[in-house]
Each structure stands twice: as C-alpha cells, then as structure tokens.
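Novice: everything below, folded, please.
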Amino acid sequence: MPKIVRETLISVRDLVIAWGPFFVIGVALLVVAYLLLDPNPPRRVILATGPENSAYAEFGKRYAAELKRYHIDVELRPSAGSRENLVLLRDGKQSVDLAFVQGGASETIRTQAEEDMEPVASLGSLFFEPVWIFYREESIKDFTLLTQLRGKRINIGARGSGTPGLFMRLLNANQIEREEITRSLATDQEAVIGLIEGKFDAIVLIAAPEAAYVQMLLQTPGVRLYEFAQAESYARRYRYMSPVTLPRGVAQLALDVPPRDLQLIATTTSLVARKETHPAIVQLFVQAASRIHSGPGWISRAGQFPTGAHSEFALAPDAERYYRNGPPLLQQYLPFSLANLIDRMWVALFSIVVVLLPISRMVPPLYRFRVRSKIFRWYRNLRLIEHELESRERPPEELLASLDKLEARVAGVRVPLAYADELYALRSHIDLVRARLRSPSQEASQ
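Specialist: Residues are numbered from 1 along each chain as shown. Now for the predicted structure:
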C-alpha cells in the first residue's frame, strides 16, 4: 500500500508541475479582472435628500432601511432641495453618490452632446410632484390663467430647491416678467403660515400629494387651489411635466375635498446618481425604489412607478436593464453578494476561458514529455556505455559495473501505469547491452 500511494503521489506531482503554470496564469487573470471590475459594492454611500421633515427626507430613511438588509450603510445628507442636490452631484468634491432631483431642477435646456457630458445619470422616476398654486380667494378672483398673478405677492419656493426655477419657466411661458410680481423665497412651512396670515396672495409648492401641508391647505377655508386648464399644453412644452388629475374626494371623502376632479401639472422626482457609482449600488437602489414607490397614490396608479420615463437625464445602463428585464435571474435564487459577483464576473470568466483554451492544449504534451523524460534521460547513459563498448575505451568489467549502477538507478524510477511499457523497454535494453558485454566475442577480445 505505501508503494502504491508513493507512486500515486509522484503522478500527482507531475500533473501539478505540468498544469501549474496554466493555473497560475488563470488565477492571475482572475485577480486582474477582479481588480478591474471591482464586483463588490462599497459599504457606505451618501444620499442627498432635502430639508428636514420633507418628503425627500422621509423617503431617504426608507431607502436607508432597505439597503441595511444588504449591509450597505446609507448616510442621509440634508439639503435645501433639488437644485442644491444637483450641484452636489455635479461637484465630485462633495462626495455625494445619489440624490433626489426634481424635474426641471436643471436651469438650462441641454443639447444631446451636453447630456452625454453630464456626470450624472438617472435611476428612474419615482413619483409625481404636482405644482400646487394655493391662493387666497379674496386676493385673486376667478383665477383661471397665470397672467392674473401680475402685481401679486407670491412665494415661489425656497432658495436651493427646484421650485423657483420651474415656476419662473411657467411665468416666462405666459410672458410674465419677474419684475411684474413681488417674489419671496421663504421655506414651504413659512410660506404656508404666510398665506394663512395674509402675507402672501399665493404660494407655489412642488410636493407629493401626501405632504401634510398640502392636505391641510386643501381643507383650509378661504384658500383655493389653482387648476391648470392648459395642463396638456404645459406637458407638450416640457418633457419632464405630465398632466395629472386630482380625483374628487381623494383628500377627504367625507367632506368631498376636492369637490370635483382638478387638472394639474406635475413634475417627476428622479433618483439621480453619479455615473461612476458602483453598478451593484445602482441595482440595489433601483430594486429598493420598486418596493418603495410601486404602490398607488393620489394621482398615480399601482405599478406606475418607478419608471425609466419622464427623466431629464440619461438612464443608467443597469437601471435600464432592470426596467427592461426585471431583477437579474441569479438574484432570485442566490444571495445578492454571490449573484452580483457572478453577474459582474461572468464576462471576464468567459474571456479568460477563451484565452486559456488554446494554452491548455499544450499541457497534455507537456505532461507526457515530463513523464517520459524520466525514462529517456537514462538512454544517454546507456548509449555512452554502448559507445565505450564498441570503442573499447574501458574494459568490460568496468562497463558492467557502470551498467549495474545504471540499472539500480532505473529501478527507482516511478511512472504512471500508462507509461510502464516504456520503463520496461528501458530495462530490456539494459539487459541487451549486458548480454553484449558478456558475449563470447567480447570475452575473446578481452
């Protein structure tokens, strides 16, 4: 048994030596691919939300809870709003990875080339945020067109949010100059209080319908909501706007608030990330968005969000793949970390196999050469003895002694059974030379 084990180990050693360089090259290529692809996501990301107690801040907490399941720590960074979030994303020094950005937050209309140069990409639209224009009924009678705001005191949104820029676009579309209104930049909370106290004739809010101050103002006596009768026209002019309907009684069924269906325009809030954000993080956030925002709302149907439509920015490739095909198949059966590793590395693995396949064809001949070289290298010694026999450089007794030593060393050679015939051929050739040394002609010449 020890002899069989020893011979087996010798055979394994030959295999290891023959295949060793092949495996070393394969492992080296895998390490290089791993370092280049970086399949494992970072364990900490920063999400810019919005003002404290805002809808963005509440949604940020839900995203943090969702990604906690995958051991990803989401740091929530408060901000003034969409405009500041977009500035933070574009400025790499701020270390913000993702942010909520309201449609229209970008100040200028960009060409296709400028969009391609953007350092940010959309992960999809999350929910509608209607443009709410609440006004005091006593201040603006029969309010049907935005041109009636000339000369009025209006709070257009807090500085740093996306509301001022978007509302000024609406005014420009109605040929209203900024000098024709008295503008204020108070926060939403201050604006609501100011409207109720009569400091403002109207206020502009861009918020989800579930916002507490929106629901309160819908039921406040003396405060009315402006209806966008030209909602479809605004949507045709701005791609990030959509006409929406606030259904009758959705705010308060018992009090029938609102008393009829109201036409509004709404922008869509998108989850935006820097383009270099790790693809696995993009996948996790898109999947979290699907769980958080897929339910029905006041003005959206179940399953309407998240979506790749209605965004100002190009859709991230991994997000686009999710909206087209759903979550990766492997993630339905494997833990995320393992599924992500395979998903990110399979192309590299395939490429490595393609590279190594031609090289692997060299290994069997190399293995055969190594095993047979253990046998063939002794033929040199045998040929030397035979040459000395023919040239009579040494007496037969010395040649026989050398041949005995050679045979003893060959007896210690171990090869796999598939090559045993060549080993026995070597031994028979040794016997053949020995017979020549002991032949009568050799003895007579001696």
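
Novice: where exactly do the helices run in the stretch 251-400 of the chain?
Specialist: Secondary structure of the stretch 251-400 of the chain by DSSP state H, counting those that start in this stretch: the helices cover 279-293, 317-325, 336-360, 363-391, 396-411.

Novice: also the stretch 1-150 of the chain?
Specialist: Per DSSP H, counting those that start in this stretch, the stretch 1-150 of the chain carries helices over the ranges 2-37, 55-68, 82-90, 112-117.

Novice: quick one: mean pLDDT for the shortest one?
Specialist: It stands for helix 112-117. The average pLDDT for helix 112-117 rounds to 57.

Novice: do you know how far the closest residue to residue 378 other than its chain neighbours is from residue 430?
Specialist: Here the nearest residue to residue 378 in space, its sequence neighbours aside, is residue 410; by CB to CB, 6 or more residues apart in numbering that works out to 5.5 Å. Any C-beta I mention is one placed from the backbone N, CA and C, and that applies to glycine too. Residue 410 sits at a distance of 7 Å from residue 430 (criterion: CB to CB, to the nearest Å).

Novice: do residue 145 as well
Specialist: 113 Å.

Novice: swap in residue 307?
Specialist: Relative to residue 430, residue 307 is positioned 83 Å away (CB to CB).

Novice: so for the two, which sits in the more crowded spot?
Specialist: Higher neighbour count among residue 307 and residue 430: residue 430, with 20 against 17, using other CB atoms under 10 Å.

Novice: next one: phi and psi at the more buried one?
Specialist: Note on residue 430: its backbone torsions stand at phi -60, psi -40 [degrees, to the nearest 10].

Novice: residues touching it, list them.
Specialist: With contact set as CB atoms under 8 Å, 6 or more residues apart in numbering, residue 430 has these partners: 382, 403, 406-407, 410.

Novice: and with 10 Å instead?
Specialist: Going by CB atoms under 10 Å, 6 or more residues apart in numbering, residue 430 touches 378-379, 381-382, 385, 403-404, 406-407, 410.

Novice: ditto for residue 302
Specialist: By CB under 10 Å, 6+ apart, the neighbours of residue 302 are 294-296.

Novice: what residues sit buried inside stretch 151-158?
Specialist: Neighbour-count burial for stretch 151-158, counted by 16 or more other CB atoms under 10 Å, picks out 152-158.

Novice: using CSV, list the CA coordinates for that stretch.
Specialist: This file holds the C-alpha atoms of stretch 151-158, laid out as CSV (Å, rounded to 0.1, in the frame of the first residue of the first chain):
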residue,chain,number,x,y,z
GLY,A,151,-48.8,92.6,-9.3
LYS,A,152,-49.4,89.8,-6.7
ARG,A,153,-47.3,88.8,-3.7
ILE,A,154,-46.1,85.3,-4.4
ASN,A,155,-43.8,82.9,-2.6
ILE,A,156,-42.1,80.9,-5.3
GLY,A,157,-40.2,78.4,-3.2
ALA,A,158,-37.1,78.2,-1.0
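
Novice: which residues touch residue 63?
Specialist: When contacts are counted by CB under 10 Å, 6+ apart, residue 63 touches 45, 47, 49, 72, 74, 76, 98, 100, 271, 284-285, 288-289, 291-292.

Novice: low-confidence stretches in the stretch 201-350 of the chain?
Specialist: Scanning the stretch 201-350 of the chain with the threshold set as pLDDT under 70 gives 338-350.

Novice: quick one, strands of it?
Specialist: Taking DSSP state E, counting those that start in this stretch as the test, the strands found in the stretch 201-350 of the chain are 202-206, 223-225, 241-246, 262-274.

Novice: turn those into a markdown table, including mean neighbour count and distance to residue 373.
Specialist: Formatted as a markdown table, the strands of the stretch 201-350 of the chain follow (neighbours: other CB atoms under 10 Å; distance: least, CB to CB, whole Å):
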| stretch | mean neighbour count | distance to residue 373 |
| --- | --- | --- |
| strand 202-206 | 26 | 80 |
| strand 223-225 | 18 | 92 |
| strand 241-246 | 20 | 77 |
| strand 262-274 | 24 | 58 |
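
Novice: is it possible to export the ones you listed to a markdown table including distance to residue 167?
Specialist: Formatted as a markdown table, these follow (distance: least, CB to CB, whole Å):
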| stretch | distance to residue 167 |
| --- | --- |
| strand 202-206 | 5 |
| strand 223-225 | 15 |
| strand 241-246 | 12 |
| strand 262-274 | 11 |
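
Novice: please indicate which of the contacts of residue 63 are buried?
Specialist: For the contacts of residue 63, a neighbour count by 16+ other CB under 10 Å gives the buried set as 45, 47, 49, 72, 74, 76, 98, 100, 271, 284-285, 288-289, 292.

Novice: which one of those sits closest to residue 278?
Specialist: Comparing these against residue 278 with CB to CB places residue 45 closest, at 8.4 Å.

Novice: and the nearest residue to that closest one once chain neighbours are set aside, what does it touch?
Specialist: Take residue 45 and drop its neighbours on the chain: the residue closest to it by CB to CB, 6+ apart is residue 97, 4.4 Å away. Applying CB under 10 Å, 6+ apart, we find residue 97 in contact with 42, 44-48, 74-75, 77, 88-89, 273-274, 276-278, 281-282, 285.
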